[in-house]
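In: here's my sequence, what's the structure:
(chains A, B, C, D, E and F)
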Amino acid sequence: MKIAVTINEGPYQHQASDTAYLFCKAALEKGHEIRRVFFYNDGVNNASSLTEPPQDDRNIVTRWSKLAADHKLDLVVCVAAALRRGIRDENLAPGFRISGLGQLVEAGIEADRLVTFGD
Amino acid sequence: MKIAVTINEGPYQHQASDTAYLFCKAALEKGHEIRRVFFYNDGVNNASSLTEPPQDDRNIVTRWSKLAADHKLDLVVCVAAALRRGIRDENLAPGFRISGLGQLVEAGIEADRLVTFGD
Amino acid sequence: MSEGTIKKFMFVNRKAPYGTIYALESLEVVLITAAFDQDVSLVFMDDGVFQLKKGQQTKGIENKNFSPTYRALDGYDIEKLYVEEEALAARGLTEDDLLVDVTVMPRAELGKLMDEMDVVLSF
Amino acid sequence: MSEGTIKKFMFVNRKAPYGTIYALESLEVVLITAAFDQDVSLVFMDDGVFQLKKGQQTKGIENKNFSPTYRALDGYDIEKLYVEEEALAARGLTEDDLLVDVTVMPRAELGKLMDEMDVVLSF
Amino acid sequence: MLHIVNKSSLERNTLESCLRVANGGAILLIEDAVYAATRGNEAEAKLRDALSRFKVYALGPDLDARGMGDRVMEGVTTVDYGGFVDLVTEHKNCQSWL
Amino acid sequence: MLHIVNKSSLERNTLESCLRVANGGAILLIEDAVYAATRGNEAEAKLRDALSRFKVYALGPDLDARGMGDRVMEGVTTVDYGGFVDLVTEHKNCQSWL
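Out: The predicted structure is shown next:
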C-alpha cells in the first residue's frame, strides 16, 4: 500500500519525528511504499545538516537521510515553513528537498493513507 | 531592577518568543535592566541567521538582533540545545552568542527576577 | 500522476489562533488543496472555534491578523465550514460572533462526517 | 560576579518523559545549578511524577533512557525531591513505584514551598 | 476509522475530544497517551467505558519506555510499530488528534 | 508570588494545576490563557471562585488579538506589557506554568 507521512514538529523537542521514523521503517519492512514524507511547521528543522547531537544520543537527521538513501524515499521540506525557520539549500541534509505545500496535497491524493505526526 | 528571561520555544510556531520580546521591550522602556536572555530547548532556533519570513510578517530573529544592538543585551544560546538543532556560529544571527547552561543559572543568581516563556 | 482524482479532504482545527501557528498553517494547506480541485471540508472543534471570532486586533501582539482570510475562502469555492455546537456553547460564543457563515453541528454528527473522508489533516 | 550568593532554586517538573524533551533538559539545568552551589529543590507534579517511574526501557523507541540520572542526584548533594501526593494517586502510582527516595507532599504544601523560592524554573 | 492519540489525557483534552466525537472504530494510543491505558490512571473508567464502542490499542514500545508495560488494562491490545502500520492499512482512513 | 499561565484552560491542565497548588498571590493570564478570563467560558465559575484567593490579571493585547477584549469578566484586571513587567517586579518571585 502507498503511505504518506507528515511531520509537524522538530527533532528532540517532541517525540513526533522519532515515532514517524519508526513507523516508516516498519512500513517499509512490511513491503509498503512510503510515497513521501512531508516536513511541515517546525518539522522542517528535522532537515538541518548542521545538527550534531551528543554522541550517546540518536542522530535524528542522519537517520532520516540514511532511510531515504536506502529506500529512495522522497523527503520534502515545506519551503515557506523552512524560510521562516532558517532551513535553506545551504544547510539542508542529504536526501531532503525543499518544495511547496502542493507536495503535501499531492501526497494526500496519491497515497492510500496519510498519517500525521505532531505535538 | 535586573530581569533575566529564558525562552524555550522557536520562532513562529509558538507565541513564546513574541511575548518575551514585547516583555523585554516594555521592561527596557520602564528603565529596568535585561540582565540576559537565555535561549533554551527549541528556543535556540530564534537565533538562526538564515531565517526569512514572508514580507508581510514580523522578522522575529532580526527583531531580537536589533533590540540587542540598541540596548546592549546579552542574548545567549544554549550550546547543547543548539548543536541538537543545527544552530552554530556559522548560522548565528548578529547579537547572539553560544554558551553553556551555566549562563542560565548565573542569570538566575544575578538577576532579581527570572521569567520563563515557553509552550 | 493524480489528474482527475478528487478526494475528500477534511481539515480539523482544534487550536486557538496566535498562541501557536497551526491555525495559520491550516489555512495555507486548505487554499492549496482547493487549488488542486479537491473536495475540501473545514471543521472547527474545541478551541478551534476561536479562530472564527469576529473583531481580532493583532496590532498589540505585533503579529499578522489572518482572520480576514476566512472571509476569502468563499472566493475559492471553499464552502463547507462546520463548527462544533458544543464547543461554541462551552466558550460563550454564538453564530453571531463568527466572521463567516458556517454550519453548526453537534459533535456526534461531525464524527460521522469524519468517517466519510479520504484524508483528515489535524491542526 | 555572584560569588557567595546562594539562592533557592526550584525546578517544577510537570511533564511525562520521552513525549517531549523537557524532563531531560530539566535534569541538565538541575545538575549545573548544583555545581554553582545553589540551594536546589525538585518538584514532580501532575504528569511529572511519571519521570520517576521504575523500569523504564527505551530501546524500543530508540531513545536514551535518562532515568538512572535521578539515582545519581544524591551524589551531587541534590536531596530535596518533592512529589505531589495527589498526582501519584491519580496515576495509580505509589512511592514503591519510584526510582528514588522522595518526600511525598500534598499539593497545598508544595504551594507554600514555592512561595519561599527565589527562582522557579518550569519544565 | 483509526483515531491516533498522542497526548496524556491528564494533561490535554485530545483523548476526551476523540472519545466524544469519534463515531466508533479503533483508537491507537501512542507516545504520552499510553498512560491512559494503564490501570489506576484517572482515565481508566473513561477508557473502559469506551471499550464498548471502540477497539483500543496502545503502542508497546511507548509503554515500555515509560515503565508501564506491565500495567495495561484488560481489553486494550498492545501493538508494536508493525502493528501500528497494520492498523493504518486495515482502516479506510485515519486521524491524528493533535 | 506571581503565577503566569499561557494555555487555554479548555485544552490543558495548567490553569487548574496552578489554582490547586498556588498559595494565593497573583495570577497573570497571557497568550491562549486569556480566554479563561472571558464571560461565558466554561472556566468562568472556576476563575470567579479563584478571585477570592488571588488577584487575577489578563494581558490586554492578547485579549484584543483574539477578539475578546470586550468580554473580560468582572474582577479581572487587564494589563499591557508594561503592566506585565510591573507585576513581575512587584512580586518577590514568579512562576510560569508551562
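
In: shouldn't A:Thr6 be in contact with A:Tyr40?
Out: Yes - at 5.7 Å, A:Thr6 and A:Tyr40 qualify as touching, with contact defined as CB atoms under 8 Å. (Glycine included, C-beta is placed from N, CA and C.)

In: find residues that contact each of the two.
Out: Residues within reach of A:Thr6 and of A:Tyr40 at once, by CB atoms under 8 Å, 6 or more residues apart in numbering or on different chains, are A:Leu104.

In: next one: stretch A:30-50, is it in contact with chain D?
Out: No - against chain D, stretch A:30-50 shows no contacts by CB under 8 Å from any CB of the partner chain, the least distance being 12.5 Å.

In: next, the distance between the ends of that stretch.
Out: Criterion CA to CA, to the nearest Å; first-to-last residue distance in stretch A:30-50 is 32 Å.

In: that one and chain C in contact?
Out: Yes - contact of stretch A:30-50 with chain C (CB under 8 Å from any CB) involves A:40-41.

In: that stretch and chain B, any residue contact?
Out: Yes - shown here: stretch A:30-50 in contact with chain B (CB under 8 Å from any CB) through A:41-42, A:45, A:48-50.

In: highest neighbour count among those residues?
Out: Most neighbours among the residues of stretch A:30-50 next to chain B, by other CB atoms under 10 Å in any protein chain shown: A:Asn45, with 33 neighbours.

In: distance of it relative to B:Gly86?
Out: 7 Å (CB to CB, to the nearest Å).

In: got it, and E:Asn41?
Out: Counting by CB to CB, the gap from E:Asn41 to B:Gly86 is 37 Å.

In: please apply the same query to C:Ser122.
Out: Applying CB to CB, the value for C:Ser122 to B:Gly86 is 27 Å.

In: can you give me phi and psi for the residue of chain A found nearest chain E?
Out: Proximity to chain E, evaluated over chain A using CB to the nearest CB, is greatest for A:Ala26 at 3.7 Å. Main-chain torsions, A:Ala26, degrees, to the nearest 10: phi -70, psi -40.

In: for it, grab the count of nearby residues.
Out: For A:Ala26, the tally of surrounding residues (other CB under 10 Å) stands at 17.

In: does it touch E:Tyr81 like I think?
Out: Yes - between A:Ala26 and E:Tyr81 there is a contact under CB under 8 Å: 3.7 Å.

In: show me where the chain has its strands.
Out: If you meant another chain, say so; for now it's chain A. Using DSSP state E, the strands of chain A run over residues A:2-7, A:33-39, A:75-78, A:96-99, A:113-117.

In: actually, chain E is the one I wanted.
Out: Applying DSSP E to chain E gives strands spanning E:2-5, E:25-29, E:54-59, E:76-79, E:94-97.

In: most tightly surrounded among those?
Out: strand E:2-5 (a mean of 27; mean count of other CB atoms under 10 Å in any protein chain shown).

In: strands paired with it, and their directions?
Out: In the sheet, strand E:2-5 lines up against strand E:25-29 (parallel), strand E:94-97 (parallel) (DSSP bridges).

In: and A:Thr62, which of the strands of chain A is closest to it?
Out: Of all the strands of chain A, it is strand A:96-99 that lies closest to A:Thr62, at 11.4 Å by CB to CB.

In: sweet, I'm off.
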